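> below are the sequence and a predicted model for it; my questions follow.
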Amino acid sequence: MAGRTFAETLKRTRQDLDKLRRRRAAIDEQIAKLEQVELALSGLAEPKKRGADLTSVTDSVRIVLKSAREPITPTGVRDEMLAMGFDKKPYSQFLATVHVILKRLWRNNEALEFSFKDGKRYWWATKSMPGGPYPENAMLLNYYNSFKAEDLQSSLTYEQAKAKEAAKYRR
């Protein structure tokens, strides 16, 4: 009987944590979007003060990573940048440029890199992970317990890893 109550308490605790993580992720996303608006408006309202260069490809990649709802692929970063209106004309290999910037942000500990059999996904390092059965949550837990880079790698595809993690939540 006591085991049953512990199991129920654990289930409720996981649900509460999931809700709180989702709220925190939503707040982080709102902050990132408002920072974009602040930068744009400060350039217009305070022309003498020089803000961040919004035409910089690196700054644009940072903005996309900060406002992403879940870990994002390099092609997803590219698509978001184009949707924001970023001009890719000066770059002959625009996706390659995005890849190089993501690697540099990862080396500088600004972004986290998750490796799956079918590709890599990136996440802003100081942003909390969204709640739920994301394989990245389990990978991060292992990584923070060991600080071994191989804990952020999986031999499964992203969909396989996500399904495996979701199965844990169904118990």
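That came in fine, so what should we check first? Numbers count the residues shown, from 1 in each chain.

> so who does residue 58 touch?
101, 104-105 (Cβ atoms under 8 Å, 6 or more residues apart in numbering). Yep, even glycine has a C-beta here, placed from its N, CA and C like the rest.

> so who does the spatially most central residue of the chain touch?
Against the mean C-alpha coordinate of the chain, by Cα atoms, centre = their mean, the closest residue is residue 123 at 2.7 Å. Taking Cβ under 8 Å, 6+ apart, we find residue 123 in contact with 65, 68, 70-72, 111-112, 114, 129, 136.

> could you do residue 68 as well?
76, 80, 123-124.

> 10 Å instead?
Shown in contact with residue 68 (Cβ atoms under 10 Å, 6 or more residues apart in numbering): 25, 28-29, 32, 76-77, 80, 121-124, 127, 130.

> just to revisit the earlier point, confirm the residue nearest to the centre of the chain sits in a strand?
Yes. Assessed by DSSP: H, G, I helix; E, B strand; the rest coil, residue 123 belongs to a strand.

> kindly export stretch 113-128 (C-alpha atoms) in PDB.
Extracted in PDB, the C-alpha atoms of stretch 113-128 (Å, rounded to 0.1, in the frame of the first residue of the first chain):
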ATOM      1  CA  GLU A 113      24.800  20.100 -29.200                       C
ATOM      2  CA  PHE A 114      22.800  16.900 -29.200                       C
ATOM      3  CA  SER A 115      23.900  14.200 -31.600                       C
ATOM      4  CA  PHE A 116      21.500  11.600 -33.000                       C
ATOM      5  CA  LYS A 117      21.900   9.000 -35.700                       C
ATOM      6  CA  ASP A 118      20.000  11.200 -38.100                       C
ATOM      7  CA  GLY A 119      21.600  14.600 -37.300                       C
ATOM      8  CA  LYS A 120      22.400  17.200 -34.700                       C
ATOM      9  CA  ARG A 121      20.100  19.500 -32.700                       C
ATOM     10  CA  TYR A 122      21.100  22.700 -30.800                       C
ATOM     11  CA  TRP A 123      19.700  24.500 -27.800                       C
ATOM     12  CA  TRP A 124      20.700  27.700 -26.100                       C
ATOM     13  CA  ALA A 125      22.900  26.700 -23.200                       C
ATOM     14  CA  THR A 126      21.400  29.000 -20.500                       C
ATOM     15  CA  LYS A 127      17.800  28.400 -21.400                       C
ATOM     16  CA  SER A 128      16.000  25.700 -19.500                       C
END
